[in-house]
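Enquirer: Fold the following and give me the result.
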Amino acid sequence: MSHGAPLLVFALNVQAPPLRQLLVPMQAAGFPVALGTGIVGEAGAEALDSPEWDAAFIRWNQPEMHEVALLERMVCDEDEEGMVRVTEAMNQVLQWEDQVGRLIVAAHLQQTQAVYALQLLDALFTDEDHPAWGAFDILLRVLADYTDGLIYVEGEGYLDADGELLLSEEDAPASPGKSV
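Expert: Alright, predicted model coming up:
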């Protein structure tokens, strides 16, 4: 099972990129990664070229194949969980102190059409130096660029597709149990 909050992309464009457009940049950067749409094995050419997908496993091929994350796509008009994620994000952002960043992110969230959640799997929690972290950076940026999305990383904040921090979690109000 996964731990912690997922990495999120709040997308303005409802059209999903074909999985191949996510896979190729990670492989081009030298990461031994594969995508799968089923419980086992890699996605075939037809699945990789289709923009019609709801979930994909990110699989690492070295030293042996193992799953490192699950990427889920939630269309806000069709999936209640997608709307819940947008609402939770909006409620959180509206409490932050950075007015300019808050306005930029809140305006984006109001127009969000789809949410992508990258659920991290156990392999990453047993190996904090796992090279998949670098692949995820590429994956999230390509996804955000393709969908006109904003990336949310817990502990960092909201970033654009270029990795520029738009709203930092440092500006989040302190809550019970959260150190400042």
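Enquirer: Who are the contact partners of L12?
Expert: H108, Q111, T112, Q113, T147, D148, G149 (C-beta atoms under 8 Å, 6 or more residues apart in numbering). The C-beta positions use only the backbone N, C-alpha and C, and glycine is treated the same way.
Enquirer: Could you tell me the per-residue confidence at it?
Expert: We have a pLDDT of 98 for L12.
Enquirer: for it, phi and psi?
Expert: phi -80, psi -30 (degrees, to the nearest 10).
Enquirer: Go through the lengthiest strand in the chain and flag the buried ones.
Expert: When the chain is parsed with DSSP state E, its longest strand is strand 66-75. Neighbour-count burial for strand 66-75, counted by 16 or more other C-beta atoms under 10 Å, picks out E67, V68, A69, L70, L71, E72, R73, M74, V75.
Enquirer: Using a markdown table, lay out the residues you listed together with distance to A29.
Expert: As requested, those are arranged in a markdown table below (distance: C-beta to C-beta, whole Å):
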| residue | distance to A29 |
| --- | --- |
| E67 | 19 |
| V68 | 15 |
| A69 | 16 |
| L70 | 21 |
| L71 | 17 |
| E72 | 23 |
| R73 | 23 |
| M74 | 27 |
| V75 | 29 |
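Enquirer: Which neighbouring elements make contact with the longest helix anywhere in the chain?
Expert: The longest helix of the chain (DSSP state H) is helix 132-147. The elements that helix 132-147 packs onto, with contact taken as 3 or more C-beta pairs under 8 Å, 6 or more residues apart in numbering; DSSP states H and E, are strand 7-11, helix 19-28, strand 55-60, strand 66-75, strand 114-120, helix 122-126, strand 149-153.
Enquirer: gap between the lowest-mean-pLDDT helix or strand in the chain and the chain center?
Expert: Taking mean pLDDT, DSSP states H and E as the measure, helix 122-126 is the helix or strand of the chain with the lowest mean score, a mean of 75. Mean-position distance between helix 122-126 and its chain equals 17 Å (C-alpha atoms, centre = their mean, to the nearest Å).
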